[in-house]
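Peer 1: Sharing a model that was predicted from the sequence below.
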Amino acid sequence: MANNEDLFKKITSHAKEYGFIFPSSEIYDGLGAVYDYAQNGVELKNNIKQYWWKSMTQMHDNIVGIDSAIFMHPKIWKASGHVDAFNDPLIDNKDSKKRYRADVLIEDYIAKLEDKVNKEVEKARKRFKDSFNEEQFLSTSQRVIEYNKEKEDVHNRYSKLMNDNDLAGLKSLIEELGIVCPISGTRNWTDVRQFNLMFSTKVGSVSDDSDVLYLRPETAQGIFVNYLNVQKTGRMKIPFGIAQIGKAFRNEIVARQFIFRMREFEQMEMEFFVRPTTEMKWFEYWKEERMNWHKSLGIPQEKYRFHDHEKLAHYANAATDIEFEFPFGFKELEGIHSRTDFDLKRHQEFSGKKIQYFDSETNESYTPYCVETSIGLDRTFLAIFSYAYKEEQLSDGSSRVVLNLPNILAPNKVSILPLVNKDGLPEKAHAIMDDVRKDFKAHYEEKDTIGKRYRRQDAIGTPFCVTVDNDTLKDNTVTIRSRSTMEQERIPIDNVKQYLRDNL
Ligand code: ATP
């Protein structure tokens, strides 16, 4: 665990040092849980967006995209249930004045029990070496059995309290488990209260309650309220989907783990409208389709897993998360939900507009059911970035940090480097740059030794470097170096673009 914490720290400082992510408002000491994407970060983020957008709208002939406004009619959030139910249970420590999510305090307690079990297993593995049988150990070690039993008890009680919305019960459980505030070390807790996660603001100059607007906490509602418009103007036939990428805002109580949990973030969501009774088939289809999308990025399958929801949200009849193994453990990256006809029905009720589909195949009208895929763009960035980060020991005794990003996502595809900053090499390199940049995002640099420049490009994840040297002037060839293998080849300048096309 300590190692992973170290690794995560390295990843976050790498993101800053190499121009991927900066803390927001840093010269004013930052703003909690808000981050800015820097010169390389924005390229990587845009490439992820493109990759998702194309996979949805270009590779499926029945999915179209929209870009709805962040501000929406306030009644929408009444209809969706967010005004009444988009809450987290919060608790304060009276001594440190720090605020926590009551559910997270209990989940952390459960995670500690899990850690204890893992530690016992590791100890035993070392002790018994080759003869170690994990299954047998788990079922016979008294200590492990006790830890696991406690874990299960706490988990069951906690799940029931959350299901019943029993705030007093949550507080009692925190007290009973002896959970202390990590800052003050005391158990001096306030009562647990519900806290609505939506940010609100006022529109116009009159400050009156009716003018309250919310910053959308999810992009999905922008899709639901445009269902009729898109279906009609796009002459869409069920089943069909509407995709959207956009900002969402949540007043997260505890924001931590870098860009994993932010107060302003981006979502990539797709709502797929289907005939009632077929939703489970589509739910399975989208589970598989989305997992394949993740795998297509070249990250091994074992870094992902499905986690089915035990407790379903009020609008869902099936739900699963795709979890990714971040440096701090497996956590939700994407949610796939079968949302029934809840949202469209509620908007029909609250708006008074009929939202129905006439199915010419079955000759009937109905409110479509909906399967949603909802992925956090920033979390995807973090997953890809942290997996790509590698520290490598090289055969010559030196080391390097390399970002093994999938080529399609790399901020720059190629860097053009004159070996020295004289003798006509920069001019030659500029000519190559001007040609290559028409087809590929390219980068040019002439400062520092070539070795340092290679290392910088490795650290940013640039797949190829093209070096112009004195021989180039004589025979019009350049050296092309691969980031992943560090191998170099000599090729004619005329072949550079074709080489990149073939290898990217
Ligand atoms: P969590 O349980 O981690 O709070 P959630 O279940 O509330 O997430 P959803 O409402 O399903 O999340 O949102 C869909 C996706 O949006 C999530 O899978 C996640 O990738 C992303 N997301 C949600 N909240 C945040 C946040 N505060 N910061 C960054 N990404 C987020």
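Peer 2: Arrived safely, thanks for sending. The structure presented is a predicted model; accordingly, all values stated were derived computationally and were not measured. Numbering: from 1, shown residues only.
Peer 1: Around the ligand, which positions in the stretch 251-400 of the chain sit nearby?
Peer 2: Residues of the stretch 251-400 of the chain lying close to the ligand (C-beta under 6 Å from any ligand atom) are 252, 261-262, 265, 267, 332-335, 374-376, 378-379. From N, CA and C alone the C-beta is placed, and that goes for glycine too.
Peer 1: Now do the contacts for the residue of the stretch 1-150 of the chain found nearest the ligand.
Peer 2: Here the residue of the stretch 1-150 of the chain nearest the ligand is Ala33; by C-beta to the nearest ligand atom that distance is 7.6 Å. If you count contacts by C-beta atoms under 8 Å, 6 or more residues apart in numbering, Ala33 has them with 252, 255-256, 261-263.
Peer 1: least confident pick among these?
Peer 2: Lowest pLDDT within the contacts of Ala33 is found at Ala255 (73).
Peer 1: what comes up buried for the helix or strand where Tyr109 lies?
Peer 2: Using DSSP states H and E, Tyr109 sits in helix 102-128. By 16 or more other C-beta atoms under 10 Å, the buried positions in helix 102-128 come out as 102-106, 109-110, 113, 116-117, 120-121, 124.
Peer 1: Over to stretch 406-418?
Peer 2: 406-407, 409-418.
Peer 1: what ranges do the strands span in the stretch 301-450 of the chain?
Peer 2: For the stretch 301-450 of the chain, the strands defined by DSSP state E, counting those that start in this stretch occupy 304-308, 318-326, 329-340, 357-359, 364-366, 369-376, 389-393, 399-403, 414-418, 442-444.
Peer 1: Can you say which of the ones you listed is packed in most?
Peer 2: Each of the strands of the stretch 301-450 of the chain was scored by mean neighbour count; the highest is strand 414-418, a mean of 26, by mean count of other C-beta atoms under 10 Å.
Peer 1: Give me the residues contacting that one.
Peer 2: 425-426, 428-429, 432-433, 436, 440, 442-446, 450, 453, 457, 462-468, 500.
Peer 1: ok, back up a step: quick check, nearest of the residues of the stretch 251-400 of the chain next to the ligand to Tyr147?
Peer 2: Closest approach between these and Tyr147, by C-beta to C-beta: Glu332, at 24.7 Å.
Peer 1: need the contact list for the closest residue to the closest one other than its chain neighbours.
Peer 2: Residue nearest to Glu332 in three dimensions, not counting chain neighbours: Asp321, with 4.4 Å by C-beta to C-beta, 6 or more residues apart in numbering. By C-beta under 8 Å, 6+ apart, Asp321 lies in contact with 306-307, 309, 332-336.
Peer 1: could I get those residues as CSV with pLDDT?
Peer 2: What follows is those, written out as CSV (pLDDT from 0 to 100):
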residue, pLDDT
Phe306, 97
His307, 93
His309, 84
Glu332, 96
Leu333, 98
Glu334, 98
Gly335, 97
Ile336, 98
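Peer 1: ok, of these, which one's closest to Leu7?
Peer 2: Checking these against Leu7 by C-beta to C-beta gives Leu333 as the nearest, at 18.2 Å.
Peer 1: what angle sits between the host helix or strand of Asp6 and strand 318-326?
Peer 2: Using DSSP H and E, the element containing Asp6 is helix 2-17. Counting by axes from the mean of the first three to the mean of the last three C-alpha atoms, to 10 degrees, helix 2-17 lies at 90 degrees to strand 318-326.
Peer 1: Remind me what helix 2-17 packs against, helices and strands.
Peer 2: Contacts defined by 3 or more C-beta pairs under 8 Å, 6 or more residues apart in numbering; DSSP states H and E place helix 2-17 against strand 21-23, helix 377-388, strand 389-393.
Peer 1: Sheet-wise, list the partners of the last one with their directions.
Peer 2: In the sheet containing strand 389-393, the strands it pairs with under DSSP bridges are strand 399-403 (antiparallel).
Peer 1: same thing with the shortest one?
Peer 2: Strand 21-23 sits in its sheet next to strand 35-37 (antiparallel), going by DSSP bridges.
Peer 1: For the strand it pairs with, which outside residues touch it?
Peer 2: Here strand 35-37 has contacts from 20-24, 45, 258-259, 262, 378, using C-beta under 8 Å, 6+ apart.
Peer 1: try 7 Å
Peer 2: 21-24, 45, 259, 262 (C-beta atoms under 7 Å, 6 or more residues apart in numbering).
Peer 1: Spell out which residues sit in contact with Phe249, please.
Peer 2: 199, 215-217, 263-264.
Peer 1: Can you say which of those are buried?
Peer 2: Buried by 16+ other C-beta under 10 Å: 215-217, 263-264, out of these.
Peer 1: Tell me which residue of this protein lies closest to the ligand.
Peer 2: Gly376 (2.3 Å).
Peer 1: Is that residue in contact with Arg261, as I believe?
Peer 2: No: using C-beta atoms under 7 Å, Gly376 makes no contact with Arg261, being 9.2 Å away.
Peer 1: Show me where the stretch 51-200 of the chain has its helices.
Peer 2: 75-79, 82-85, 102-128, 134-140, 142-163, 167-176 (DSSP state H, counting those that start in this stretch).
Peer 1: In the stretch 151-300 of the chain, where is pLDDT below threshold?
Peer 2: In the predicted model, the stretch 151-300 of the chain carries pLDDT under 70 at residues 205-210.
Peer 1: hey, what's Glu372 bridged with?
Peer 2: Glu271, His337.
Peer 1: that older thread, out of the contacts of Ala33, grab the one that's most surrounded.
Peer 2: When neighbours are taken as other C-beta atoms under 10 Å, the top entry among the contacts of Ala33 is Met262 (22 neighbours).
Peer 1: What helix or strand is the nearest residue to that one once chain neighbours are set aside located in?
Peer 2: Closest residue to Met262 apart from its sequence neighbours, by C-beta to C-beta, 6+ apart: Ala33 at 5.0 Å. Under the criterion DSSP H and E, no helix or strand holds Ala33.
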